[in-house]
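**Q** Sequence and predicted structure below; questions after.
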Amino acid sequence: MLTYDPESAHVLLHDASSALLVDASLCINLEAMHSVFDSSSDRSKNPNVDHSWALQRKSYVWAVGYLERADDQLPIPILPAYLPAPDINPSIFMRALIISPAKDLDIVRLHAALTAMAEVPATPYPI
């Protein structure tokens, strides 16, 4: 996750030179987000709700949702000045249903698995 704009609830997911704009408005309940962490302790009040991804930058997250085409181009969140601008199509975005931290994600193995999947030839089926 490259950026998160709390005002618009837009997340920018980034990999290599490409990025995908994600609408996280369905995932965020601001009241729940503020009540998740008890200020008097480090324990979460509800172990099933984890909004810590919204507070972290340049971390890995799992995002589940569906792709939509925007009628108007969506605004792209402000990018950190030290990063080159990724390739973003502002007319296509993901409407996220769930976003959660990707704890213990091995990105090297994930990329290797995706590369291996691309190398498997398509299976022809009889018509």
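**A** Arrived safely, thanks for sending.

**Q** In this structure, mark out all the strands, start to finish.
**A** 3-5, 10-15, 18-23, 61-69, 87-101 (DSSP state E).

**Q** closest to Pro126 out of those?
**A** strand 61-69 (31.2 Å; C-beta to C-beta). (Glycine included, C-beta is placed from N, CA and C.)

**Q** Run the chain-centre distance for the closest one.
**A** 8 Å (C-alpha atoms, centre = their mean, to the nearest Å).

**Q** re the thing from before, CSV for the strands of the chain, including mean neighbour count?
**A** Putting the strands of the chain into CSV (neighbours: other C-beta atoms under 10 Å) gives the following:
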stretch, mean neighbour count
strand 3-5, 18
strand 10-15, 19
strand 18-23, 19
strand 61-69, 13
strand 87-101, 16
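
**Q** Indicate which one of the ones you listed is closest to Thr123.
**A** The nearest among those, by C-beta to C-beta, is strand 61-69 at 25.1 Å.

**Q** Point out the other helices and strands that the closest one packs with.
**A** Judged by 3 or more C-beta pairs under 8 Å, 6 or more residues apart in numbering; DSSP states H and E, the packing partners of strand 61-69 are strand 10-15, strand 87-101.

**Q** for that strand, what is the average pLDDT?
**A** Taken as a whole, strand 61-69 has an average pLDDT of 89.

**Q** Extract the C-alpha trace of it and format it as PDB.
**A** In PDB, the C-alpha atoms belonging to strand 61-69 read as follows (Å, rounded to 0.1, in the frame of the first residue of the first chain):
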ATOM      1  CA  VAL A  61      -2.200  -5.600   2.500                       C
ATOM      2  CA  TRP A  62      -4.700  -8.100   1.200                       C
ATOM      3  CA  ALA A  63      -7.600  -6.400  -0.600                       C
ATOM      4  CA  VAL A  64     -10.700  -8.200  -1.800                       C
ATOM      5  CA  GLY A  65     -13.300  -6.500  -3.900                       C
ATOM      6  CA  TYR A  66     -14.300  -6.000  -7.500                       C
ATOM      7  CA  LEU A  67     -13.200  -3.800 -10.400                       C
ATOM      8  CA  GLU A  68     -15.400  -1.000 -11.600                       C
ATOM      9  CA  ARG A  69     -15.100   1.600 -14.300                       C
END
